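S.K.: sharing a sequence plus its predicted fold:
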Amino acid sequence: MPFQRIRNTYDQLGALDGSLYYLSLLLNRGSLGHARLVRYYLVAQPIHGAAACRPSAKNPIVELTPDDPLIPRFPRPPEVIARRMRDKAQCFVARSGDEFTGFLWLAYGAYDEDEVRCRYELADSDACVWDYDVHVEPKHRIGRTFARLWDAANAHLSARGIRWSMSRISAFNPTSLAAHGRLGIDRLCSATFLCIGPLQLSFISAAPWFHVSLSADSRPILSLAAPRHRQ
């Protein structure tokens, strides 16, 4: 029933995000894909050295190397993976035998958003990292793959003295918000982007607050610092 679906959406997202979600649907459909509204929460997750589950001796989580035979099976275009590796991004890969089951990517210092025009810069790059594109293949989402990926990343980052992992989560994805919430995240700010053709309007609940962009060379820069109450 449509009314029940709408009510469930508002129950999960709240009044503001629920309304923006339906506005995004109307914009996208009404403009035939030429206009869209994207909203993120920028969050910080504490790094824990302790493992959440037992590692797999048969299929350990490993750091990606350029010659890994699983790369052609990644659910991302080859040029995207090649660019990430040129940018020295770090990737942890989960597998089951010769089957790809998931990955998690890390960027150090800064990260250029790939869905909208925005750059995230880490105010303390010695203590913080940026995580993105945490993906688990659908048939493995009930198992331990997600937890094992985070265990491997946490162990690596903890050994380097990194205390926080920053990321962005779609405000319209209650499943992802709930999953990250269980990891103990702190919400730092929100960022909403209205994109109409080449025009992008950015509304951010932190500096620089508002930004207008008409080309790929123009983008807001968000400086992200770890939550002070936990430092």
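M.R.: Looks like it arrived, so ask away.
S.K.: what's near enough to touch the residue nearest to the spatial centre of the chain?
M.R.: Central residue of the chain (Cα atoms, centre = their mean): Y132, 4.0 Å from the mean position. The neighbours of Y132, taking Cβ atoms under 8 Å, 6 or more residues apart in numbering as the test, are W105, L106, A107, Y111, S167, R168. Where C-beta positions appear, they are placed from N, C-alpha and C, glycine not excepted.
S.K.: any idea how far C91 is from it?
M.R.: Distance, Y132 to C91, using Cβ to Cβ, to the nearest Å: 10 Å.
S.K.: again, but for P78
M.R.: From P78 to C91 the distance is 14 Å (Cβ to Cβ).
S.K.: what about those two, which has more around it?
M.R.: Comparing P78 with C91 by other Cβ atoms under 10 Å, the one with more neighbours is C91, at 20 against 10.
S.K.: so the more buried one lies in a helix, does it not?
M.R.: No. Counting by DSSP: H, G, I helix; E, B strand; the rest coil, C91 falls outside a helix, being strand.
S.K.: out of the contacts of Y132, which comes closest to A216?
M.R.: Of all those, Y111 has the smallest distance to A216: 15.8 Å, by Cβ to Cβ.
S.K.: where does the closest one sit: helix, strand or coil?
M.R.: strand.
S.K.: on the three-state scheme, the closest residue to it other than its chain neighbours is what?
M.R.: The shortest distance from Y111 to any non-neighbouring residue, by Cβ to Cβ, 6 or more residues apart in numbering, is to W130 (4.4 Å). What three-state DSSP gives for W130 is strand.
S.K.: for W130, name its beta-bridge partners.
M.R.: Beta-bridge pairing of W130 under DSSP bridges involves A107, M166.
S.K.: residues in contact with the nearest residue to P208 once chain neighbours are set aside?
M.R.: The shortest distance from P208 to any non-neighbouring residue, by Cβ to Cβ, 6+ apart, is to P220 (5.4 Å). P220 sits next to R117, C118, R119, S202, I204, P208, H211, S213 when contact means Cβ under 8 Å, 6+ apart.
S.K.: measure R73 to I47 for me?
M.R.: Using Cβ to Cβ, we find R73 at a distance of 29 Å from I47.
S.K.: between those two, who's got more neighbours?
M.R.: Per other Cβ under 10 Å, whichever of R73 and I47 has more neighbours is I47, with 21 against 12.
S.K.: contact partners for R117?
M.R.: Contacts of R117 by Cβ under 8 Å, 6+ apart are F193, Q200, S213, A216, S218, R219, P220.
S.K.: determine which two of those are furthest apart.
M.R.: Among the contacts of R117, F193 and A216 lie farthest apart (Cβ to Cβ), at 13.9 Å.
S.K.: tell me which of these two has more neighbours.
M.R.: Using other Cβ under 10 Å as the criterion, F193 and A216 rank with F193 on top: 22 against 9.
S.K.: and the more buried one, which helix or strand is it part of?
M.R.: Taking DSSP states H and E as the criterion, F193 maps to strand 186-196.
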